[in-house]
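A.B. asks: let's see this in three dimensions:
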Amino acid sequence: MPVTIPRDLPARATLREENIFTMSQERADHQDIRPLHIAMVNLMPTKVNTETQVLRLLSNTPLQVHVSLLRMSSHESKNTASEHLDAFYTTFDQVRDQKFDGLIITGAPIELMPFEEVDYWDELCEIMDWSAQHVFSTLHTCWGAQAGLYRHFGVGKHALPEKMFGIFDHDVHLPNSPIVRGFDAVFPAPHSRHTGIEVAAIEAADGLELVASSPQAGVYLVSSSDQRQLFVTGHPEYERDTLLGEYQRDISRGLDINVPANYFPDDDPTRTPRMTWRSHAFLLYANWLNYYVYQRTPFDRDSIPSTGAMNGHGDD
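C.D. replies: Prediction:
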């Protein structure tokens, strides 16, 4: 799929070097098709890295996708240059009157904080509520998945005794779900988090389906019953060395951190990490774009219906 990327966005040069098909806005304007309009709320502090990781995964279908990057106006980013944010990002206020085929809400390294204590929680709740009326399908990842499950369905999180850190195998529970079409019965995916969600809480919640989970890492992939919302608790977008960078960062800070599980050959951090999850990561995003967005979204975005998923839970 040609991802439409601004000519000067740093991710564009990186992806072109990897032989990923990208397209300039000028070329896209001359194609006589209706592109999918996807918004991404990027909550990660290292925004440039996350842009590259997610755009890479959006590249593997024949669809044309236009991506709008959104940031929190109620939060000051300390790790991304203001020039980059001003050049490539918009705020929610600038798009609140628009409708989108899809929305991605990323994770953020704040999972130990109560949701209501996050400085941009009110703004994020407004975006999540708005998505029920203005977005056909929303993909929530990592902390974004926890936030979405809490806001929309009242499912809480709990602190883990130690960081869930590494590559873990996951079992597919609903093999007929379109999001896992083409998946192996057992597939690997990265996790990096201090909190989790109980399988029993998902199974007890009205309007949710547990699609995949791990005996070690727990809940991984959840779908709303109407398939308009997806929740991924891990980080399928991570690159080969992302967990390595996090491990080295924590070691340098003097933190008591285990070697990422199932990541280094023989658990030896001096060796090159194994990349075992990329094919399923590409397939996850391709399935979302195809079966949850392209095949179902109205041709006229202004006629996108409400999801009806808001149940009044979370912080009102």
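A.B. asks: just give the number of residues close to residue 113.
C.D. replies: As a burial measure, residue 113 scores 14 neighbours (other Cβ atoms under 10 Å). Quick note: C-beta positions are derived from backbone N, CA and C, even for glycine.
A.B. asks: residue 207 too?
C.D. replies: When neighbours are defined as other Cβ under 10 Å, residue 207 has 15 of them.
A.B. asks: again with residue 126
C.D. replies: If you count neighbours by other Cβ under 10 Å, residue 126 ends up with 15.
A.B. asks: check what pLDDT residue 23 gets.
C.D. replies: Residue 23 carries a pLDDT value of 53.
A.B. asks: please read the previous query as pertaining to residue 315.
C.D. replies: Residue 315 is assigned 41 on the pLDDT scale.
A.B. asks: ramachandran coordinates for residue 231?
C.D. replies: In terms of degrees, to the nearest 10, the main-chain angles of residue 231 are phi -130, psi 120.
A.B. asks: what sits up against stretch 260-270?
C.D. replies: Here stretch 260-270 makes contact (Cβ atoms under 8 Å, 6 or more residues apart in numbering) with 165-169, 188, 192, 216, 243-244, 246-247, 259, 271-274, 276.
A.B. asks: rerun that using 7 Å as the cut-off
C.D. replies: 165-168, 243, 247, 259, 271, 273-274 (Cβ atoms under 7 Å, 6 or more residues apart in numbering).
A.B. asks: can you select the buried ones among these for me in ChimeraX?
C.D. replies: This is how ChimeraX selects the buried members of the contacts of stretch 260-270, with burial counted by 16 or more other Cβ atoms under 10 Å:
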select :165,166,167,168,243,247,273
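A.B. asks: of all the contacts of stretch 260-270, which two lie farthest apart?
C.D. replies: 168 and 271 (19.4 Å; Cβ to Cβ).
A.B. asks: so which elements touch the lengthiest helix in the chain?
C.D. replies: Scanning the chain for the longest helix, with DSSP state H as the assignment, gives helix 121-134. Applying 3 or more Cβ pairs under 7 Å, 6 or more residues apart in numbering; DSSP states H and E, one finds that helix 121-134 contacts helix 92-95, helix 143-153.
A.B. asks: these: which one's closest to residue 48?
C.D. replies: Comparing the helices and strands packed on helix 121-134 by Cβ to Cβ, helix 143-153 comes nearest, at 18.1 Å.
A.B. asks: just the helices in the protein please.
C.D. replies: 10-17, 25-28, 47-57, 82-88, 92-95, 121-134, 143-153, 199-204, 242-252, 278-287.
A.B. asks: mean confidence for the first one?
C.D. replies: Model confidence over helix 10-17 averages 73 on the pLDDT scale.
A.B. asks: over to the last one?
C.D. replies: Looking at helix 278-287 alone, the average pLDDT works out to 96.
A.B. asks: gap between it and the chain center?
C.D. replies: In terms of Cα atoms, centre = their mean, to the nearest Å, the centre of helix 278-287 is set 12 Å apart from its chain centre.
A.B. asks: which of the residues in it are buried?
C.D. replies: Buried residues in helix 278-287, counting neighbours by 16+ other Cβ under 10 Å, are found at 278, 280-287.
A.B. asks: what of the third one?
C.D. replies: Using 16+ other Cβ under 10 Å as the burial criterion, the residues of helix 47-57 that qualify are 47-57.
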